[in-house]
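**Q** what follows is a predicted protein model with its sequence.
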Amino acid sequence: MLRVKQFSILMLITLFSMSYANAMEDKAATAEALYQQAVIPYEQGWNKGLDLMWQAANAGNIKALCLIARGYQGTSLIVNTDAQTYFKKAAELGGLCGMQALSNLGSGPILDASLSDHSGDKNWTKILLETAKKRAGEGQLDGLRSYALIQAAKGNDNGFCQWMEKAADLGDADAMNQLAGAIRDGCGWYIVPGSRDKAVRHWLEQAANHGNPRAMDQLAVYYQESEDIKPMLHWYGMGANIGNVNSILFYFILFWLFNVRT
C-alpha cells in the first residue's frame, strides 16, 4: 500500500512538473507573440504598440523589458531608477540587453556607463562579458549580437561585423540590416571596386526579404533614386503591408503620382 501511495505521489509530482513546464513554455510563447505584435507600432509611437509592449514586458519578454527601460531612460547621460528597474528585471531573466545597460564597458553611444553597476548587488560587466562570450561561442543568436556590440564598444569595428555576420547567417533580419550599415560605414576589407556596395546591397536585400522594415525602406529609396518604379513600389508596398507608417505614406503618395502620370 505504501509503495502505491509513493508511486501516486511521484506521478502527481511528475504531472505537476510537466504542467508547470508547459505553462512556462506557453507563457514565453505568449510573451514573444505580444512582442512581435507590438514592436512596429511601438517604434512608430502608436498607443496600441505601447500597450502591447507593456503586456509583453509584464509577461516576461526580455526584449520588451529592455525597450520599456530605454523609454524611461530617455538619454544615456541620466540614471533613471525606473529604467534601471526594468533593465535589472531583464538581466535577472538572463537578458543580455539588460546586462549591457547595467554594465560599464566604457563610453560611447552603443554601450556606455550610464547605469554602470549602480545597483551594487552584482558585477554586471563581468557577467555580461562571460555570458555573451559563452553564448556567442555556442552560436546562440542573442550571444552573437551582444558580443558584436561589445566589440563595437571596444572600437573593434571588424570584430563587430564578424560576429554580427554570424547572427545574420542565422536569419536574424535586424542583424542583417545592422551588418549592411556597418559595411557601408567601412568595416571589412573590400578590394575590388564596387564590392563593398554589392555587399551592402546583398545584406539589405536579405534583411528586407526577412521582414526588416528599415531595410525595405532603404531598398525602396535605392530604386527611387535610380527611377526604377516597379521595385520601388514593391518595397514600399511590402513595408506598408507590415504596418510601417513611413512606407504606407510613401507608397500611396508615389503610387498616386506615378499612376496619374501614366
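**A** Yes, it's here. Not measured: the values here are computed from a predicted model.

**Q** helices along the protein, start to end?
**A** Here the chain has its helices, by DSSP state H, at 2-43, 47-58, 62-73, 81-92, 96-101, 124-137, 141-153, 157-169, 173-184, 195-209, 213-225, 229-241, 245-261.

**Q** looking at those, which is buried most?
**A** Mean neighbour counts were compared across the helices of the chain using mean count of other CB atoms under 10 Å; the top stretch is helix 96-101, at a mean of 25. Where you see a C-beta, it was placed from the backbone N, CA and C, and this is true even at glycine.

**Q** put the alpha carbons of that helix into CSV.
**A** C-alpha atoms of helix 96-101 as CSV (Å, rounded to 0.1, in the frame of the first residue of the first chain):
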residue,chain,number,x,y,z
LEU,A,96,22.0,40.4,-22.3
CYS,A,97,20.3,43.7,-23.2
GLY,A,98,19.7,44.3,-19.5
MET,A,99,23.2,43.2,-18.6
GLN,A,100,24.6,45.6,-21.2
ALA,A,101,22.7,48.6,-19.8
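
**Q** now that helix: mean pLDDT?
**A** The pLDDT scores in helix 96-101 average 91.

**Q** how far does it sit from its chain's centre?
**A** Remark: helix 96-101 is offset 12 Å from the chain centroid, using CA atoms, centre = their mean, to the nearest Å.

**Q** run through who's touching that helix.
**A** By CB atoms under 8 Å, 6 or more residues apart in numbering, the residues outside helix 96-101 that reach it are 62-63, 65-66, 69-70, 73, 83, 86-92, 111, 114-115, 124, 127-128, 131-132, 135, 142-143, 145-146, 149.
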